[in-house]
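1. Below is the structure, and that's it, no one-letter string:
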């Protein structure tokens, strides 16, 4: 599918998916020549303020010695360590979202109405979207175990067969080696299925966030803001998206950008929750879901149902946040985009969430 067809999604029809839908087959057999860069994502800052395992004087506990207290003991939620047994997990990699209520939804959006109070338990969410180099790390680890580009059910993990758009290939494969096209290492991974994101998160002790978790992480608990950063409308210094000038579409970048490139932090410190790439969440899509689901820790419907929009009828999961090819309507914190579970897209990636249980 070519770029002009992608731009049809800018017209703002309710229910129109956020981006081009690529090949819906999970064919994992197409190989591409590659370099041999198998580095994995390490978005970490292990600088520490303390070398002690514990600090009983303040009541904070830092068991892994990375300078950040365990989330359940942290006096400042912004410094909470989401996994105090792993020094590579810090607030630079995952941000803590304290338990409590927030206003979810938008009365002015049929798919996101009504706006109402939802209460969530404690959780953490990745500060950044999962990158190409991080996802290639998973692909290579499985390749080395004889699992070429498949999950445990035999479903493809990365869409090597995608060739229906004008965008450069960024994840490459050849002779048993997965790599990333130079310059795209720190870009968010795209062309992955919903189950691909779920497997990656599970392999890292996490899960895809629920819709409610994603929206609270983007919106915060104190107001009904439209954008993760607040009330100010987006511009190209704030996010990677598209906009109209008269009847012409203008692209801020025209491709994905490196994760963390923009000053667009949410109230909890998560970045890039608007624009760049949309993100798979765990829920099946239900057009009436915001009217009917639970008030506490909602997880969406038990199964998917057919959804019809101008591009067809399909069983949909949910993607949130909008892409580099979307206008701001799709970037609002309340916007819900149905995407076929059995399709990939050049504009949909993911990040992970970590459930938390106090010890």
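-> In hand now; what should we look at? Because the structure is predicted, anything quoted here is derived from the model rather than measured.

2. Please count neighbours and contacts with C-alpha atoms only from this point.
-> Fine.

3. what stretches of the chain score poorly on pLDDT?
-> Within the chain, the stretches with pLDDT under 70 are 1-57, 163-164, 359.

4. pull the longest strand from it.
-> Assignment by DSSP state E gives strand 312-320 as the longest strand of the chain.

5. which residues of the stretch 1-150 of the chain fall in helices?
-> With DSSP state H, counting those that start in this stretch as the criterion, the stretch 1-150 of the chain has helices at 3-6, 132-143.

6. Next one: residue 331 from residue 298, what distance?
-> Distance, residue 331 to residue 298, by C-alpha to C-alpha, to the nearest Å: 22 Å.

7. what about the two, which has more around it?
-> Counted by other C-alpha atoms under 10 Å, residue 331 and residue 298 do not tie: residue 331 has more neighbours, with 28 against 19.

8. Quick one: residues contacting the more buried one.
-> 227, 274, 275, 320, 321, 322, 323 (C-alpha atoms under 8 Å, 6 or more residues apart in numbering).

9. hmm, which of the residues you listed are the buried ones?
-> 227, 274, 275, 320, 321, 322, 323 (16 or more other C-alpha atoms under 10 Å).

10. Next one: the second one relative to residue 135, how far apart?
-> So the one you mean is residue 274. Note on residue 274: its distance to residue 135, by C-alpha to C-alpha, is 21 Å.

11. which residues make contact with stretch 206-214 from outside it?
-> For stretch 206-214, the surrounding residues in contact (C-alpha under 8 Å, 6+ apart) are 104, 118, 120, 125, 197-198, 201, 280-283, 297-300, 318, 320, 350-355.

12. of the residues you listed, buried ones?
-> Neighbour counting over the contacts of stretch 206-214 (16+ other C-alpha under 10 Å) leaves 104, 118, 120, 125, 197-198, 201, 280-283, 297-300, 318, 320, 350-354 as the buried ones.

13. Narrow the residues you listed to those in helices?
-> Judged by DSSP state H, the buried ones among the contacts of stretch 206-214 include 197, 198, 201 as members of helices.

14. List the contacts of the closest residue to residue 300 other than its chain neighbours.
-> Take residue 300 and drop its neighbours on the chain: the residue closest to it by C-alpha to C-alpha, 6 or more residues apart in numbering is residue 283, 5.2 Å away. For residue 283, the contact set (C-alpha under 8 Å, 6+ apart) comprises 210, 211, 299, 300, 301, 317, 318.

15. What about those, which are in strands?
-> 317, 318.

16. and which of the contacts of residue 283 is nearest to residue 244?
-> residue 318 (25.7 Å; C-alpha to C-alpha).

17. Is the closest one bridged to anything, and to what?
-> For residue 318, the beta-bridge partners are residue 338 (DSSP bridges).

18. residues contacting it?
-> 211, 280, 281, 282, 283, 284, 285, 336, 337, 338, 339.
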